[in-house]
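> based on what follows, work out the 3D shape:
(one chain, ligands or ions: 1)
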Amino acid sequence: MAHLVSAAFVRNRGLFLPGLRAVREMSSQGGPTPPFSTLSISHPASMITHVELYRPEKRNAMNRAFWSEMVECFSQIAVDAECRVVVVSGAGKIFTAGIDLMDMSSDFIQPVGDDSARTSWNLRRLIAKYQETFSVIEKCPKPVVVAVHGACIGGGVDLITACDIRLCTQDAWFQVKEVDIGLAADVGTLQRLPSVIGSRSLVNELALTARKMYSDEAKTCGLVSRVFPDKEAMLAGALELAGEIAARSPVAVQGTKINLIYSRDHSVADSLDYMATWNMSMLQTQDVLKSAQAAIEKKSPKEVPFSKL
Ligand SMILES: CC/C=C\C=C\CC(=O)SCCNC(=O)CCNC(=O)[C@H](O)C(C)(C)COP(=O)(O)OP(=O)(O)OC[C@H]1O[C@@H](n2cnc3c(N)ncnc32)[C@H](O)[C@@H]1OP(=O)(O)O
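This is a model prediction of the structure:
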């Protein structure tokens, strides 16, 4: 009996200790990763990239650097064959306080231009640039899992609605705060939230009143798919989920993300057409044969060595 218990312990130690260590390493102590000043990037497990919003002393408020760094970061991830899935979280007390109200205001409150037409064009360019900060997440073919703890305010909601899977802690709350600072949310929330939570009435209520939505309601309405008791449990859950995705064929996974997003924005007929065109080449991958063989042999996808993509 003692022999069996000890064998189980050794087996479990092998399985679980690296996971726990990886989760602890996800709560970054080391600060931002150069050349970034607002993001900490790590690789907690094979094929998984962790992007941590890293301005904890400012509650991860989104300053000028952040808006550019996200684009640079996700453009690199999009073509990184060592990454099959991304986990995004926030360092410190909360996920994010949204736009940096100190750093950003002059760009938008006193826009420059020789006359109103030129000022408007400049402002338009600036808004489009800020929209790209979160659109890069959606354009990235690798699935993005976002893990929210504490507050997720304003720009934070823009960010998470561009992600593929949303998790949160029991203490999380969400606020479409823009009307409170005198603007209509312009970098993704109004465009993506209606497809995320389905009820337009609820979207309208949240966006028009800026009321806080707590984790229980976020789960009920479908903004998040899972709620965890605390941040450590959530990061463990996010990593496990990311591991499940990373173990599968990257051809299948990336094609699934791209086609799900396409079908959100197009008719069923157009989406089926797009899918057929997509798969007329992607079905020729060796991953289909490898995966089918593994299924016949009752093996897990984790045992199949897929080529990098
Ligand atoms: C093209 C436009 C694109 C996007 C537009 C987006 C719109 C938005 O994002 S609207 C949302 C704006 N954000 C807010 O209104 C939140 C303001 N902050 C707070 O309500 C609170 O700070 C808190 C997030 C609830 C956290 O409270 P607490 O934990 O008590 O921390 P504090 O002591 O208040 O703050 C600590 C530290 O962080 C600084 N800070 C917090 N939020 C912001 C922010 N949004 N911008 C800049 N700085 C922020 C705060 O000033 C403190 O700094 P100190 O230097 O320590 O004083």
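> right, and the helix or strand after the lowest-mean-pLDDT helix or strand in the chain?
Across the helices and strands of the chain, mean confidence by mean pLDDT, DSSP states H and E is lowest for helix 2-26: a mean of 43. Moving toward the C-terminus from helix 2-26, the next helix or strand (DSSP states H and E) is strand 39-45.
> can you name the next helix or strand after that next one?
In N-to-C order, the element after strand 39-45 by DSSP H and E is strand 48-53.
> list of residues touching that next one?
26, 28, 38-44, 60, 66, 73, 77, 80, 83-91, 95-96, 142, 239, 242-243, 246 (C-beta atoms under 8 Å, 6 or more residues apart in numbering). Any C-beta I mention is one placed from the backbone N, CA and C, and that applies to glycine too.
> mark which of these are part of strands, please.
If you go by DSSP state E, the contacts of strand 48-53 have 39-44, 85-90 in strands.
> most neighbours, which of those residues?
Val85 (28 neighbours; other C-beta atoms under 10 Å).
> give the contact list for that residue.
47-49, 142-145, 242, 245-246, 253.
> who's it bridged to?
Per DSSP bridges, the residues bridged to Val85 are Ile48.
> phi, psi for the one residue in the chain that gets nearest to the ligand please.
Using C-beta to the nearest ligand atom, the closest approach of the chain to the ligand is made by Gly154 at 2.1 Å. The phi/psi pair for Gly154 (degrees, to the nearest 10) reads phi 50, psi -110.
> ok, it - contacts?
97-99, 175-178, 181, 185.
> if you set the cut-off to 6 Å instead, what comes out?
Contacts for Gly154 (C-beta atoms under 6 Å, 6 or more residues apart in numbering) come out as 98-99, 177-178.
> show me which residues of the stretch 1-150 of the chain sit near the ligand.
58-59, 61, 93-94, 97-102, 127, 130 (C-beta under 6 Å from any ligand atom).
> residues making contact with the helix or strand harbouring Val145?
Using DSSP H and E, Val145 falls within strand 144-148. Here strand 144-148 makes contact (C-beta under 6 Å, 6+ apart) with 86-89, 95, 137, 160, 163-168, 172, 234, 238, 241-242.
> cross those residues against helices and list the overlap.
Cross-referencing the contacts of strand 144-148 against helices under DSSP state H gives 137, 160, 234, 238, 241-242.
> top of those residues by neighbour count?
Within the ones in helices among the contacts of strand 144-148, neighbour counts (other C-beta under 10 Å) peak at Ile160, which reaches 31 neighbours.
> verify the stated contact: that one with Ala172.
No - under the criterion of C-beta atoms under 6 Å, Ile160 makes no contact with Ala172, lying 10.3 Å away.
> can you list the weak-confidence ranges in the stretch 51-200 of the chain?
Within the stretch 51-200 of the chain, the segments meeting pLDDT under 70 span 105.
> which stretches of it form helices?
Applying DSSP state H, counting those that start in this stretch to the stretch 51-200 of the chain gives helices spanning 64-78, 101-109, 116-139, 155-161, 189-197, 200-209.
> got the ones in strands among the contacts of strand 48-53 as CSV, with distance to Ala210 columns?
Formatted as CSV, the ones in strands among the contacts of strand 48-53 follow (distance: C-beta to C-beta, whole Å):
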residue, distance to Ala210
Leu39, 27
Ser40, 30
Ile41, 32
Ser42, 34
His43, 37
Pro44, 35
Val85, 32
Val86, 29
Val87, 28
Val88, 23
Ser89, 24
Gly90, 20
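> which parts of the stretch 201-309 of the chain are helices?
215-221, 231-246, 250-265, 268-282, 286-296.
> thanks again, I'm all set now.
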